[in-house]
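Colleague: sequence and predicted structure below; questions after.
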Amino acid sequence: KRFTSPFFPPNLITEILPMGKLNPGSGHVTPTDHFYVLRDAPGGADRNYVSAPADGAVVHIQRFGQDQPLDRDDPSSSLVPDYRLILMHSCSFFTIFIHLGELAPNITAQTGNIQLGNSWNSDNSSAIQIRSGEPIARFGQRSLDWSVHDADTTLSGFVVPKHYESEPWKIHTTDPLKFYDEPIKSEYITKLVRKKQPRSGKIDYDVEGTVSGNWF
């Protein structure tokens, strides 16, 4: 299990917020299982693509119920689509991107137009085979979510793993950067705002008898 291509050029990333964030105001009442990858707001159109970090198959694409401004701080900014995409690298190893923009032509050629609030699934069609480094979708807004899940790894720091039955992938969350070799790995690590170990953050930090984590 190795990533062989940058998912997005490191020089275009301004910072990466690690896993484990809590923000009830945005609906995150349990530690976030993903990185927040940030870039500068593009001037004009969104031209930069997110690419597959390794060979795999696109198995699910969800389009959210409304498009979003390319630059949320600019009321006149053009609207871009808002997608969640699951990329399966093996039967047990997945990458999830959330808040992607316009899908790449090689994807839409097989999915057709996905209407607002609708989804495309490989259950009803063939999975979309994709090679490492091949474009998936444009970056979208100023930030996107990126997570990696390995069913062969189960996090041990949850006091009550059963609480995650409705989101079964979360207990299999793993550090995306550990699957990269140098120099790509270090290029992404330098973008992480967390300076203490673990640099990529942690989501299973339950401490029974306290408000830490999500055991209660």
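Modeller: Arrived safely, thanks for sending.

Colleague: report the contact partners of residue 7.
Modeller: 50-53, 95, 97, 146 (CB atoms under 8 Å, 6 or more residues apart in numbering). To be clear about C-beta, it is placed using only N, CA and C from the backbone, and glycine gets the same treatment.

Colleague: cutoff 10 Å now
Modeller: Neighbouring residues of residue 7 by CB atoms under 10 Å, 6 or more residues apart in numbering: 13, 37, 49-54, 87, 95, 97, 132-133, 136, 144, 146, 176, 180, 184, 188.

Colleague: can you flag the buried ones in the residues you listed?
Modeller: For the contacts of residue 7, a burial check counting by 16 or more other CB atoms under 10 Å picks out 13, 37, 49-54, 87, 95, 97, 132, 136, 144, 146, 176, 180, 184, 188.

Colleague: of the residues you listed, which belong to strands?
Modeller: 37, 49-51, 87, 95, 97, 136, 144, 146 (DSSP state E).

Colleague: which one of the residues you listed is nearest residue 79?
Modeller: residue 144 (16.0 Å; CB to CB).

Colleague: and the pLDDT at the residue nearest to that closest one when sequence neighbours are not counted?
Modeller: Nearest residue to residue 144, sequence neighbours excluded (CB to CB, 6 or more residues apart in numbering): residue 99, at 4.5 Å. According to the prediction, residue 99 has pLDDT 97.

Colleague: let me know the distance separating residue 184 from residue 2.
Modeller: 11 Å (CB to CB, to the nearest Å).

Colleague: residues contacting the residue positioned nearest the centre of the chain?
Modeller: Central residue of the chain (CA atoms, centre = their mean): residue 146, 1.9 Å from the mean position. Residues near residue 146 by CB under 10 Å, 6+ apart: 7-8, 16, 19, 34-37, 50, 53, 95-100, 176.

Colleague: how about the nearest residue to it, chain neighbours excluded?
Modeller: Counting by CB to CB, 6+ apart, the residue nearest residue 146 is residue 35, at 4.8 Å.

Colleague: pretty sure the one you found sits against residue 189.
Modeller: No: the criterion here is CB atoms under 10 Å, and residue 35 misses it with residue 189 at 11.6 Å.

Colleague: neighbour-wise, which of the two wins?
Modeller: It is residue 35, of residue 35 and residue 189, that has more neighbours when counted by other CB atoms under 10 Å, with 25 against 15.
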